[in-house]
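K.L.:
need a structure here:
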Amino acid sequence: MAYGNTPPPGPPPGWGGWTPPPPPRPGVIPLAPLGLGDILGGAFSTIGRYWKQLFGIAAAVYGAAAVAVGVALAIMYAVVGDHLRAIYDATRDEPPVWDDIRPLLFAFLAVWGIGMITFLLATAMVYASVPAILQDAVLGRPTTFGVVWRRAAARVPAVIGTVFLVALVSVIPVALFLTAFVGLMIALLAAGTGPLIVPPLAFVGAMATAPLAVWLWVKFSLAPAAAVFEGQGAIAAMRRSSKLVRGDWWRIFGITLLTGVMAGIAAYVIQLPLSLVQMLPGAIGSSDLGSDPTGSQVMVFLGGAIVLSLVSQLIGQVVVAAFPQLIASLLYIDRRIRTENLAPTLAEAAAVPPAGY
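P.N.:
Prediction:
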């Protein structure tokens with residue numbers, strides 16, 4: 001027999017060379033269990049197709065938060081500006097007095113509180129807008145800024161609850177350790193044996209509590225997505241996240257860590273030019289200060305520095321908040337596809353024309 005003329009072996013009888021068709025992909029992801037490439041590809045595809053809605057909402061809410069802080073700073077300066085100038089004009093022979101320092105402390109605490117509240121609201125709006133966009137992005141449907149805004153705004157209270165509770169639950173182990181450590185350190189220092197034993201105790205305590213805090217953080221990382229996709233309240237969304245993460249903790253942790261690093265690097269690269277601008281001589285009036293600046297000169301310098309810092313932080317925060325939450329929302333969809341067979345439901349929904357289009 002001439003083996004050179006023998007035809008190559010064919011497929012098993014009855015198969016006919018058939019291969020299963022690829023999963024449907026009406027939108028930014030295939031409707032099947034997602035790998036890392038699918039998740040990253042879906043995230044970048046969503047940014048490419050819906051960047052106006054995604055970054056528009058993020059820029060709007062963080063911009064509003066920055067304006068609120070700026071207004072608060074302006075009001076603070078109008079109220080306590082005389083005390084601030086008195087402190088900067090103080091000399092070694094005439095040091096600042098408590099009557100000038102006290103109003104500034106209260107004013108800065110008030111501005112800090114306003115900043116924390118406004119940026120928490122802004123972050124919650126971004127966290128809610130990402131799943132709201134993915135509701136259409138996964139199905140391949142168009143959407144508008146107004147539609148996303150209304151969806152996200154309706155879920156902001158629940159998302160704030162999840163963000164606050166997840167942060168609280170994650171911080172509890174660290175707070176308990178710090179409380180115990182400070183008490184132990186005081187006792188050891190009082191006994192005269194503290195300096196040598198305190199550093200090892202601090203290291204052991206940190207190693208014992210940090211993993212627990214990270215485990216809790218990953219366990220509830222899908223809660224904001226559940227709050228939006230399923231209309232869950234804060235507690236119910238945390239329970240939902242815990243259920244979905246079960247059995248896949250390490251994979252979710254690895255992907256979340258990777259994307260967090262990616263977002264941090266991107267934010268740093270974006271903020272770098274503004275940081276370099278602040279260092280340029282005369283960029284915000286630093287070259288005009290001289291060796292003995294007046295209070296008004298210092299105020300101009302501080303005002304310029306604060307404005308540039310707010311703009312830089314605003315741009316970086318848009319990336320840091322939006323991209324990781326986009327990945328978390330895609331992980332939520334992936335876990336539901338894997339554990340609840342969500343893919344056929346999504347495929348059926350994608351085949352139905354949306355109302356209004």
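K.L.:
contacting residues around the closest residue to P23 other than its chain neighbours?
P.N.:
Counting by CB to CB, 6 or more residues apart in numbering, P23 lies nearest to A32, which is 3.7 Å off, once chain neighbours are set aside. The C-beta positions use only the backbone N, C-alpha and C, and glycine is treated the same way. Applying CB atoms under 8 Å, 6 or more residues apart in numbering, we find A32 in contact with 23, 337, 343.
K.L.:
State the pLDDT value of A32.
P.N.:
We have a pLDDT of 92 for A32.
K.L.:
what about it, which SS state?
P.N.:
Here A32 is recorded as coil under DSSP: H, G, I helix; E, B strand; the rest coil.
K.L.:
State the distance from it to R25.
P.N.:
Distance from A32 to R25, counting by CB to CB, to the nearest Å: 9 Å.
K.L.:
ditto for G41
P.N.:
10 Å.
K.L.:
correct me, but E230 touches R239?
P.N.:
No - E230 is beyond contact range of R239, at 11.1 Å (criterion: CB atoms under 8 Å).
K.L.:
so where's the stretch 151-300 of the chain uncertain?
P.N.:
Scanning the stretch 151-300 of the chain for pLDDT under 70 picks out 174-208, 274-300.
K.L.:
Can you show me the helices along it?
P.N.:
Assigned by DSSP state H, counting those that start in this stretch, the helices in the stretch 151-300 of the chain fall at 194-219, 223-229, 234-245, 249-279, 295-340.
K.L.:
So which elements touch the second one?
P.N.:
The reference is to helix 223-229. Packing contacts for helix 223-229, counted by 3 or more CB pairs under 8 Å, 6 or more residues apart in numbering; DSSP states H and E, involve helix 98-137, helix 145-191, helix 234-245, helix 295-340.
K.L.:
tell me how far the ends of stretch 126-146 are from each other?
P.N.:
With CA to CA, to the nearest Å applied, stretch 126-146 spans 14 Å between its terminal residues.
K.L.:
and it, what's its mean pLDDT?
P.N.:
Mean predicted confidence for stretch 126-146 is 93.
K.L.:
and it, which residues are buried?
P.N.:
By neighbour count with 16 or more other CB atoms under 10 Å, stretch 126-146 contains the buried residues 126-139, 143.
K.L.:
What of stretch 68-79?
P.N.:
68-69, 72-73, 76-77.
K.L.:
Relative to A267, which of those residues is nearest.
P.N.:
The closest of the buried residues of stretch 68-79 to A267 turns out to be V69 (CB to CB; 18.9 Å).
K.L.:
That closest one touches M116, doesn't it?
P.N.:
No - V69 is beyond contact range of M116, at 9.9 Å (criterion: CB under 8 Å).
K.L.:
ok, the closest residue to Q325 other than its chain neighbours - contacts?
P.N.:
Nearest residue to Q325, sequence neighbours excluded (CB to CB, 6+ apart): V130, at 4.6 Å. Applying CB under 8 Å, 6+ apart to V130 gives the contacts 54, 225, 322, 325-326, 329.
K.L.:
if we go to 6 Å?
P.N.:
Applying CB atoms under 6 Å, 6 or more residues apart in numbering to V130 gives the contacts 325-326, 329.
K.L.:
I'd like those residues written out as CSV, with pLDDT, neighbour count and distance to E348 added.
P.N.:
Listed next are those as CSV, based on pLDDT from 0 to 100; neighbours: other CB atoms under 10 Å; distance: CB to CB, whole Å:
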residue, pLDDT, neighbour count, distance to E348
Q325, 92, 25, 27
L326, 94, 27, 24
S329, 95, 29, 21
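K.L.:
Go through stretch 332-350 and flag the buried ones.
P.N.:
Buried residues in stretch 332-350 (16+ other CB under 10 Å): 332-338, 342-343, 346, 350.
K.L.:
P103: which of the residues you listed is nearest?
P.N.:
Of all those, P103 sits closest to Y332, with 47.6 Å by CB to CB.
K.L.:
Tell me how far that closest one lies from F108.
P.N.:
39 Å.
K.L.:
can you check G233 too?
P.N.:
G233 sits 35 Å away from F108, going by CB to CB.
K.L.:
Measure how the biggest helix by length in the chain sits relative to helix 249-279, angle-wise.
P.N.:
The longest helix of the chain (DSSP state H) is helix 36-88. What separates the directions of helix 36-88 and helix 249-279 is an angle of 40 degrees, with axes from the mean of the first three to the mean of the last three CA atoms, to 10 degrees.
K.L.:
can you redo the buried residues of stretch 332-350 as CSV with pLDDT and distance to I252?
P.N.:
Listed next are those as CSV, based on pLDDT from 0 to 100; distance: CB to CB, whole Å:
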residue, pLDDT, distance to I252
Y332, 97, 10
I333, 96, 13
D334, 96, 9
R335, 96, 8
R336, 96, 13
I337, 95, 14
R338, 95, 12
L342, 92, 17
A343, 91, 19
L346, 92, 20
A350, 84, 25
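K.L.:
from these, which is closest to V318?
P.N.:
V318 lies nearest to Y332 out of these, by CB to CB, at 21.3 Å.
K.L.:
what's the neighbour count on L36?
P.N.:
A count of neighbours around L36, defined by other CB atoms under 10 Å, yields 13.
K.L.:
Show the pLDDT at P354.
P.N.:
54.
K.L.:
One more: M1?
P.N.:
For M1, pLDDT reads 44.
K.L.:
With F301 instead?
P.N.:
Here, the pLDDT recorded for F301 equals 57.
K.L.:
And I315, by the same measure?
P.N.:
For I315, pLDDT reads 71.
K.L.:
Hmm, it is touching Y268, no?
P.N.:
No - using CB atoms under 6 Å as the test, I315 is too far from Y268 to be in contact (10.9 Å).
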